[in-house]
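K.L.:
starting from these lines, generate the structure:
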Amino acid sequence: QVQLVESGGGLVQAGASLRLSCAASGRTFSNYVMGWFRQAPGKERECVATISRSGGGTDYADFVKGRFTISRDNAKNTVYLQMNNLKPEDTAVYYCAASRFGRIGTGAVDFGSWGQGTQVTVSS
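P.N.:
Purely as a prediction, here's the structure:
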């Protein structure tokens, strides 16, 4: 499996921006579809965005379309989530995940490797 380490979370005010990073190691990064998921207290984990192995294809949850952008740099083994115009309802632990055989838009069940998560808190 690939090992994943997220960074970039924090406490911000509504309307601010954050960029999350996820560094991968252990396997060939470009063989994996990558995704960002989040889980708020008392809620189920939900998919935020996914990106294809080459980076040419992306998929977003409706609640982040137009605000968040997923990207990857296969030379740096890193996937990013640029989050703009953050809202209090974006408060959650954000997880990076890797899927060896899945495709963009696939659910969490197809992601076999997960990071430890990074907390994002948006105050109103």
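K.L.:
chain center to stretch 31-49: distance?
P.N.:
Here stretch 31-49 shows a centroid-to-chain-centroid distance of 6 Å under the convention CA atoms, centre = their mean, to the nearest Å.
K.L.:
which residues of this protein fall in strands?
P.N.:
3-7, 10-13, 18-25, 33-39, 46-51, 58-60, 68-73, 78-83, 92-99, 113-114, 118-123 (DSSP state E).
K.L.:
partners of the last one in the sheet?
P.N.:
Looking at strand 118-123 with DSSP bridges, its paired strands and their directions are strand 10-13 (parallel), strand 92-99 (antiparallel).
K.L.:
residues in contact with the most centrally placed residue in the chain?
P.N.:
By CA atoms, centre = their mean, the mean C-alpha position of the chain lies nearest to residue 36, the distance being 2.0 Å. For residue 36, the contact set (CB atoms under 8 Å, 6 or more residues apart in numbering) comprises 20, 22, 47-50, 70, 79, 81, 94-97. In this view, the C-beta of every residue, glycine as well, is placed from N, C-alpha and C.
K.L.:
hmm, 10 Å instead?
P.N.:
6, 20, 22, 47-51, 60-61, 64, 68, 70, 79-81, 83, 94-97, 115 (CB atoms under 10 Å, 6 or more residues apart in numbering).
K.L.:
what do you get for residue 14?
P.N.:
So residue 14 contacts 85, 86, 87, 88, 89, 90, 122, 123, 124 (CB under 10 Å, 6+ apart).
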